[in-house]
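need a structure here:
(2 chains)
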2 protein chains.
Amino acid sequence: MSETDIKEEDQVTAAVPEEEETDATDFLGLSDDHIREIVEALQSEEMEKVGTLLEDLTTSDKAELLEKVTSETRKSLMLAFERYFDADVISVLQEDIRTDALEDMTAGQVAKILSDLDSDDALDIVAPLDPEFQQEVMRKLSAKIRMALEEGLSFPEDSAGRLMQREFVAVPQFWTVGKTIDYLRAARDTLPDDFYDLIVIDPAHHVVGEIPLNKLVRSPRSVKIDDLTLEEVHSIPATMDQEEVATIFRNENLASAPVIDEDGRLIGIITYDDVIFVIDEEAEEDLLKLGGVKEDDLYRNILHTTKSRSWWLFINLLTAILAAAVISLFDTTIEKIVALAILMPIVAGMGGNAGTQSMTVAVRALATGELSGTNVWRVIGKETAVGTLNGMIFAIIIGIVAGAWFHDIGLGMVIAVAMIVNLIVAGFFGASIPVVLDKMNIDPAVASSVFLTTMTDVIGFFAFLGLATLFLL
Amino acid sequence: MSETDIKEEDQVTAAVPEEEETDATDFLGLSDDHIREIVEALQSEEMEKVGTLLEDLTTSDKAELLEKVTSETRKSLMLAFERYFDADVISVLQEDIRTDALEDMTAGQVAKILSDLDSDDALDIVAPLDPEFQQEVMRKLSAKIRMALEEGLSFPEDSAGRLMQREFVAVPQFWTVGKTIDYLRAARDTLPDDFYDLIVIDPAHHVVGEIPLNKLVRSPRSVKIDDLTLEEVHSIPATMDQEEVATIFRNENLASAPVIDEDGRLIGIITYDDVIFVIDEEAEEDLLKLGGVKEDDLYRNILHTTKSRSWWLFINLLTAILAAAVISLFDTTIEKIVALAILMPIVAGMGGNAGTQSMTVAVRALATGELSGTNVWRVIGKETAVGTLNGMIFAIIIGIVAGAWFHDIGLGMVIAVAMIVNLIVAGFFGASIPVVLDKMNIDPAVASSVFLTTMTDVIGFFAFLGLATLFLL
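Residues are numbered from 1 along each chain as shown, chains lettered A, B, ... in the order given. The predicted structure is shown next:
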């Protein structure tokens, strides 16, 4: 019955028994207490209890358990309770943890896991493996699965070809609704586990259209597939970048979309859940990069993490030394007025913070496509104006504070002017550095903050110490 | 036909005509050239040309056009070409732009737009309107839509009740597949535009289960709905926070899920596209907050943006003054050794950068639930260890640089020790500040960096200048 029917019936509904109330926390993953209970049972070797506790967990709970315990506990759990940690659990594990876990297994075990999964999930698992082990696993697979995976690996990383699954349901355009439903019933055990649209193809396997299942089920048996087919089909070339795929799904509100090869032939489909995965991954990447972290290293070991983080720190050290060199130009000024050394980090720091605000908005807008040629000058102009206004506000505040602190009106005026200058610089460069980097095909999320901090440090120190040298000596 | 059928037929496939190749850029939104062409045609009052250019645009292209042009151009476009900017375009506009555009219209026009939309999209539009105008619009709506919107507005912001649509398809458990399909065919024009699952309910409207359409279409007509119903249904209480909703969809791979009221009765559904919206919004929020921006202000005016950003800068000014106060403790030392003033920002800055790396990873892991009681000490310990190792690396580098620059081995050793101390502090506090804030129910994405910078500045300056006072004077 539809919504309106329900509304009417609602009025004769009986009271609801209390125990039917839903407890929201049921869904929200695994509690720390639950994990502790499992770990303690494992440590005291109460295997039966561990089994009972694992029994109740969902797939994502089991993955969370494996991710959160120490690597020794993880190994013992997976060894002793192999049957609970099936292919589905392995497939949703965080990549570092998964690769670590798989490399403890034999190639045969990994091949068994891959055979139980859809082609996109299997590809996800096999791609990051050590090449030698990957080859060994490949040799244990059936020819059909091996070929599918090898073709998948031939597509560039982060492309639609890597994301797609090869399991889909396609129907020829000359069928009717009735014939299609009969076919789906007859083939029901060989169809993919989940699908949302039927792909309509011509005899040469070119995509003609797409039919959402809800259009199929509401149509009489006699209707021709051709008459139902939505013309505006969004076929995705296998080489398209996954970020572009996500944009299309978002803009067009798709549940699934066909993937085509370079000859325009149907080779797979991408579904909304692949897209959610991409959106999560890309959002995480941008956030981490802005924080100076290359990729999610929560589960990575100390040495590897130290190494990957040290590059970023090294580049920042160079810019810090550059800023120090600027300060050293004014060493005789500082010797005479030590208050300058005390106050100078305020000017530089405020510039860094204001610039980071502008930069964050610009980086985000570039990632979503909201910032482009049409409005780039408007945005840069606005950020510069905001910097100017905030510069004036904080010039007044810091001018009064510094003047009162060191009983020196001249010093207050110098720091006030330096503050305005640096916050204008911060607004202008905060917005324009990401834009310029983007034009040069350098990822603005990674590189913007180094250039920005260099600007706000160098100009902050130079303006403040320079003005002081001119007017206070 | 299924995948395997296709593989076989593939061998007799004819060659593919070249013009069928798909051009990827077709989907990727509107080009800046296209926008320029429209704006120029509008300015030279070639209205027919504007109409032709608008004709070709998709809904999301039209929204992008309105977002990227100046507000004057937007107003003239919407006035002169009202019929192109229908309810669907309005509904996908960025919130600031949309509210601005709607407040130029009459209450009757807005009511007309709301009537054309699904209840969740209508609610999205009506919620941010000025309360007085909102009331005026409400009065122009039909009683049915008004009541639905008023009930929607009664749910907390960012709750499942705000996210859900009231249009769904529910069937009683005693029906058969055949009866269900017959019903869907008979009711086809009153069904929601899109749906992916049927909700199975008992006579009291409690949710019993959910049937994906693909399970329905592959089952024979005689099968009972009850036998198809998937038991593990994820009913979502209307008051649940949208972030929790997204977690459930992600973990359980849902296309849609029923929303229930406090009595457990079905009142709406949430679909995967709502969830994609939430994921985008939450990811954006975290990224912006870490950058010191409260919300996306790309489309907001200069004064409003200045005001909202100034709070963050003000708090940072206080911490900068605190750091300056620490420096002032050592003013006589700096007077004697001016090299300290030159080098001290390096120590503080490196601490800030290393701490931001740890903090970013911790904030992200808290948001995804990957960091919790079970592994919190392990993560803090790891971050501290990474800080220690990077501290040693950069101690050696900066020790040599500073020693050589100022021809002073003692100075090199002092800055080296200060660097180690500050990077250990950065690793420890970078990971633990977000955790502590989270425990105190303060959003770690907003507040962490202020506390962190305070720590790394204060300890950076104190360690360096303090050690210098002890050993170099």
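
so where do the strands sit in chain A?
Secondary structure of chain A (DSSP state E): strands at A:170-172, A:197-201, A:207-212, A:236-237, A:256-260, A:266-271.

nearest to residue A:186, of those?
Minimum separation from residue A:186 across the strands of chain A (C-beta to C-beta) falls at strand A:170-172, 12.9 Å. Glycine gets a C-beta too; all of them are placed from N, C-alpha and C.

give me the below-cutoff pLDDT ranges for chain A.
Along chain A, the parts satisfying pLDDT under 70 run over A:1-29, A:231.

center of it, which residue is that?
Taking C-alpha atoms, centre = their mean, the centroid of chain A lies closest to residue A:281, which sits 2.2 Å from it.

circling back to that earlier point, could the strands of chain A go into a markdown table alongside mean neighbour count?
Below are the strands of chain A laid out as a markdown table (neighbours: other C-beta atoms under 10 Å in any protein chain shown):
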| stretch | mean neighbour count |
| --- | --- |
| strand A:170-172 | 20 |
| strand A:197-201 | 25 |
| strand A:207-212 | 22 |
| strand A:236-237 | 24 |
| strand A:256-260 | 26 |
| strand A:266-271 | 25 |
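
reformat these as a markdown table; add distance to chain B.
A markdown table is the format used below for those (distance: least, C-beta to the nearest C-beta, whole Å):
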| stretch | distance to chain B |
| --- | --- |
| strand A:170-172 | 6 |
| strand A:197-201 | 8 |
| strand A:207-212 | 6 |
| strand A:236-237 | 6 |
| strand A:256-260 | 6 |
| strand A:266-271 | 7 |
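
would you turn these into a markdown table with distance to residue B:191?
What follows is the strands of chain A, written out as a markdown table (distance: least, C-beta to C-beta, whole Å):
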| stretch | distance to residue B:191 |
| --- | --- |
| strand A:170-172 | 22 |
| strand A:197-201 | 17 |
| strand A:207-212 | 12 |
| strand A:236-237 | 28 |
| strand A:256-260 | 20 |
| strand A:266-271 | 22 |
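
out of those, flag the one nearest residue B:165.
Nearest of the strands of chain A to residue B:165, taken as C-beta to C-beta: strand A:207-212 at 16.1 Å.

quick one: residues in contact with the closest one.
With contact meaning C-beta atoms under 8 Å, 6 or more residues apart in numbering or on different chains, strand A:207-212 is reached by A:171, A:173, A:196-202, A:225, A:228-231, A:233-235, A:255-258, A:260, A:264, A:266, B:194.

send the alpha carbons of stretch A:182-199 over as CSV?
Below are the C-alpha coordinates for stretch A:182-199, written out as CSV (Å, rounded to 0.1, in the frame of the first residue of the first chain):
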residue,chain,number,x,y,z
ASP,A,182,10.4,-14.4,-16.6
TYR,A,183,14.1,-14.3,-17.3
LEU,A,184,15.0,-12.8,-13.9
ARG,A,185,12.9,-15.5,-12.2
ALA,A,186,14.5,-18.3,-14.2
ALA,A,187,18.1,-17.0,-13.7
ARG,A,188,17.5,-16.0,-10.1
ASP,A,189,20.4,-18.0,-8.6
THR,A,190,23.0,-16.8,-11.1
LEU,A,191,22.1,-13.1,-10.9
PRO,A,192,24.3,-10.7,-8.8
ASP,A,193,23.3,-10.5,-5.1
ASP,A,194,22.2,-6.9,-5.4
PHE,A,195,21.3,-4.8,-8.4
TYR,A,196,19.2,-1.7,-8.8
ASP,A,197,19.0,-1.1,-12.5
LEU,A,198,18.8,-3.2,-15.7
ILE,A,199,21.2,-2.2,-18.4
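
how far off centre is it?
Counting by C-alpha atoms, centre = their mean, to the nearest Å, stretch A:182-199 is centred 31 Å from the centre of its parent chain.

buried ones in that stretch?
A:183, A:184, A:185, A:191, A:192, A:194, A:195, A:196, A:197, A:198, A:199 (16 or more other C-beta atoms under 10 Å in any protein chain shown).

now residue A:295: how far from residue A:313?
Residue A:295 sits 16 Å away from residue A:313, going by C-beta to C-beta, to the nearest Å.

re earlier: which of the buried residues of stretch A:182-199 lies closest to residue B:138?
Closest to residue B:138, out of all of these and judged by C-beta to C-beta, is residue A:196, at 35.5 Å.
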